[in-house]
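Q: Sharing a sequence plus its predicted fold:
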Amino acid sequence: MEDTRIRLAHGNGGRYMRELIIDIFDRHLGNPLLDTHADAVALPPLDGEVMVTTDGFTVDPLDFPGGDIGALAAHGVINDLAVAGAEPRHFTLSALIEEGLEIDRLDRYIASFARAARQNHVSVVAGDTKVLRRGEGGGLYLAVTGIGVRRAATRLAIDRVTPGDVVIVSGPVGDHGVAVMLAREQFGLSGTLRSDSASVLPLVRAVRDFPDLKFMRDPTRGGLATVAHEIARASGHSVSLQQQSVPLRPEVASVCEMLGYDPYFLACEGRVVAVADPFAASEILVRWRALPEGRDAAIIGRIETGGARVILETRLGGRRVIEELEDDPLPRIC
Ligand code: MG
């Protein structure tokens, strides 16, 4: 009898499942709405435009330097609401647990999810658990829906991007991708690099009221280059990135060089890419650099006329096209 691990019985709707929910999920996430255990709950009225987002998290391994699947899932959903200009308020959480996962580890991941939610004033209003048979799941998958509110005055929209605007990033790119890669230990590499997994709410709150801030996105899966492609495609203009301006940690640069990855395609989990007119951009840069999360913020490029492409201006003065990612070089990163 493996009492320390998840069994199929923990998903069968009986006493084991009820006890698991009480011992772990209710203990960490409990609040008056969740505690009702009702089939559906009524949310309190929200004072603005109601925004919804959803995401699934399948990171492998479940623990990595700088975070774990619980914190990652909370931050990921908070950040999608944040860059859309919303304040996150509520989550729903669906946990798909693989038979055999240590109960202590599950407890730790849910505690970590709960901590990140609490720190950002988000409450979990509904939840569900399922147990997958051994071999049919990656230990733990989390599916999270986020509900937030946005003041109607916010005018962030990708189609406001025009030539002459500049592109800003709030910090070094590729940290999360490389930290997870190193945690897999499949390349015989190790290092001290940590994931940037964090809430971007402090960064966003500091700048979201600038009328000439046009668009923000968190460069997660697909990285900075994929966000640049999304901007180019949606605006019909080209995005030109300056290689020497994009902040990159030496560890990320050297791992990428060794393994042949382009760091611009690697995931971040705590960064913001913003597009703004040049005057607003310099003010955004000042505000970001004044925050610990934005110390290394930089203006990294601009929007140009001439086709919906992404161009890299290299350190040596050349210009090359960055093609769109065809397949993710690092699956199960988030
Ligand atoms: Mg996003």
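A: All right, it came through fine.
Q: Report the mean per-residue pLDDT for the one helix or strand V124 maps to.
A: Secondary structure from DSSP states H and E places V124 in strand 123-132. Strand 123-132 shows a mean pLDDT of 97.
Q: Which parts of it count as buried, going by neighbours?
A: S123, V124, V125, A126, G127, T129, V131, L132 (16 or more other CB atoms under 10 Å). For every residue, glycine as well, the C-beta is placed using N, CA and C.
Q: Double-check S190 against L182; I have them as touching.
A: Yes - using CB atoms under 8 Å, S190 is in contact with L182, at 6.1 Å.
Q: what's the helix or strand following the strand holding V124 packed up against?
A: Using DSSP H and E, the helix or strand that follows strand 123-132 towards the C-terminus is strand 140-150. For strand 140-150, the contact count by 3 or more CB pairs under 8 Å, 6 or more residues apart in numbering; DSSP states H and E identifies strand 49-57, helix 69-83, strand 87-98, helix 103-119 as packing neighbours.
Q: which residue packs closest to A111, ignoring adjacent ones?
A: H28 (5.1 Å; CB to CB, 6 or more residues apart in numbering).
Q: Name all residues that make contact with the one you found.
A: D107, I110, A111, F113, A114 (CB atoms under 8 Å, 6 or more residues apart in numbering).
Q: The same query, at a cut-off of 10 Å, please.
A: H28 sits next to 70, 107-115, 117-118, 124 when contact means CB atoms under 10 Å, 6 or more residues apart in numbering.
Q: L291 too?
A: Applying CB under 10 Å, 6+ apart to L291 gives the contacts S170, P202, L203, R205, A206, A297.
Q: looking at those residues, which has the most residues close by?
A: S170 (33 neighbours; other CB atoms under 10 Å).
Q: Can you tell me which residues in this structure are near the ion?
A: With CB under 5 Å from the ion as the criterion, the chain comes near the ion at residues D80, D218.
Q: Now do the helices in the chain.
A: With DSSP state H as the criterion, the chain has helices at 15-20, 27-29, 32-35, 69-83, 103-119, 175-184, 201-207, 223-235, 250-259, 278-289.
Q: Please tell me the pLDDT value assigned to the residue nearest to A111.
A: H28 is given a pLDDT of 98.
Q: wait, what's in contact with V273?
A: 83, 167-170, 173, 215-219, 223-224, 227-228, 230-231, 300-301 are the contacts of V273 under CB under 10 Å, 6+ apart.
Q: Quick one, grab the pLDDT at whichever residue of the stretch 1-150 of the chain sits closest to the ion.
A: Distances between the stretch 1-150 of the chain and the ion by CB to the ion are smallest at D80, namely 4.4 Å. At D80, the model reports a pLDDT of 98.
Q: For the residue nearest to it when sequence neighbours are not counted, give its distance to A276.
A: Leaving aside its chain neighbours, D80 sits nearest to T53 (4.4 Å; criterion: CB to CB, 6+ apart). Taking CB to CB, to the nearest Å as the measure, T53 falls 23 Å from A276.
Q: which one of those two has more residues nearby?
A: Taking other CB under 10 Å, T53 and A276 do not tie; A276 has more neighbours (26 against 19).
Q: who's in contact with the residue of the stretch 101-250 of the chain found nearest the ion?
A: Distances between the stretch 101-250 of the chain and the ion by CB to the ion are smallest at D218, namely 4.4 Å. Taking CB under 10 Å, 6+ apart, we find D218 in contact with 75-76, 78-80, 82-84, 170, 200, 203-204, 227, 267-273.
Q: Fine, thanks again, bye for now.
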